[in-house]
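dropping the sequence and predicted coords here.
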Amino acid sequence: MECKNKTVIKSMALLNLFLTKERLSLNEMIELSGMPKTSVYRMVCSLCDMGFLNRDESGMYGLGLLFLQYGQLVSERLDIRKMALPVMENLRDEVDEAVHLIVKQGNEAIYIEKLEGTQMVRLYTAIGRRSPLYAGACARSILTFLPEDERKAYLEETELVPIASGTICDKAELIRVLDMSYKNGYTVSHSELEDYTSAVAAPIFNHQKQAVAGLSIAGFEARFQKDRLPYLVKRVKTAALDISKKLGF
């Protein structure tokens, strides 16, 4: 089924002109694109309003700073995944559980890498899947180490909605867990995103000492009991620190 939006495609064609040209006038964009003047004008105005293009004092257009922001995010995330993967593979082989890598996107966490263990139980998580920052050890490892004002604002504006039987929906309890996780340098979850599963996670820091990702070991809760938990905590903290060092921490 054809579902392409023609305006989006044409707007992308205009942006593609700047792959080889640093600055262009409106007339140059019209000439190079072969599109009607009125159409180009409307699209350029919209692209400027959204930050994809900017217009200088001489009337020339160039790519907006928004692309720099997007490019930085993509670069950071790809670098984190590339640097983290060997460490994740070693961790998976050591503990024989699923290993996840997540990054913050807005007020959510997004899974950018997942390695399965050999256990028969398969978790609901998948690359590209999102979860709220308050639920699950991996996402909460980032929330725990956000700047205090950012974390406070998130807690004030976020409704804690139950996802599984163990999801923390009381803000006072969540704050207590966050404080404990901050003190210990790791966080644990049981049945927060999916019943009968558990996870332990630690934050990954960059060269600016910012928590830019979370690393977790996750699996069936019977394998995350008190006798084995210290071992898993030690392994995930060590692996997260190894990745952090690769990022300049």
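Right, received. Where do you want to start? Residues are numbered from 1 along each chain as shown.

ok, residue 212 - contacts?
Shown in contact with residue 212 (CB atoms under 8 Å, 6 or more residues apart in numbering): 76, 80, 103, 104, 204, 205, 206, 247. Glycine gets a C-beta too; all of them are placed from N, C-alpha and C.

other residues contacting the one helix or strand residue 156 maps to?
Here residue 156 sits within helix 148-157, counting by DSSP states H and E. Here helix 148-157 makes contact (CB under 8 Å, 6+ apart) with 107, 133, 134, 143, 144, 146, 171, 174, 175, 178.

helix, strand or coil for the residue nearest to the spatial centre of the chain?
Closest to where the C-alpha atoms of the chain average out (CA atoms, centre = their mean) is residue 103, at 2.7 Å. What DSSP: H, G, I helix; E, B strand; the rest coil gives for residue 103 is strand.

the nearest residue to it once chain neighbours are set aside and residue 79, how far apart?
Spatial nearest neighbour of residue 103, chain neighbours left out: residue 213 (4.9 Å); criterion: CB to CB, 6 or more residues apart in numbering. Per CB to CB, to the nearest Å, residue 213 is found 10 Å from residue 79.

and residue 49, by the same measure?
The gap separating residue 49 from residue 79 is 31 Å, by CB to CB.

pLDDT of the helix or strand containing residue 7, averaged?
Following DSSP H and E, one finds residue 7 within helix 6-16. Average pLDDT, helix 6-16: 92.

residues making contact with it?
Helix 6-16 is touched from outside by 29, 33, 35, 39, 40, 43, 44, 46, 47, 52, 53, 63, with contacts defined as CB under 8 Å, 6+ apart.

that concludes my questions; thank you for your assistance.
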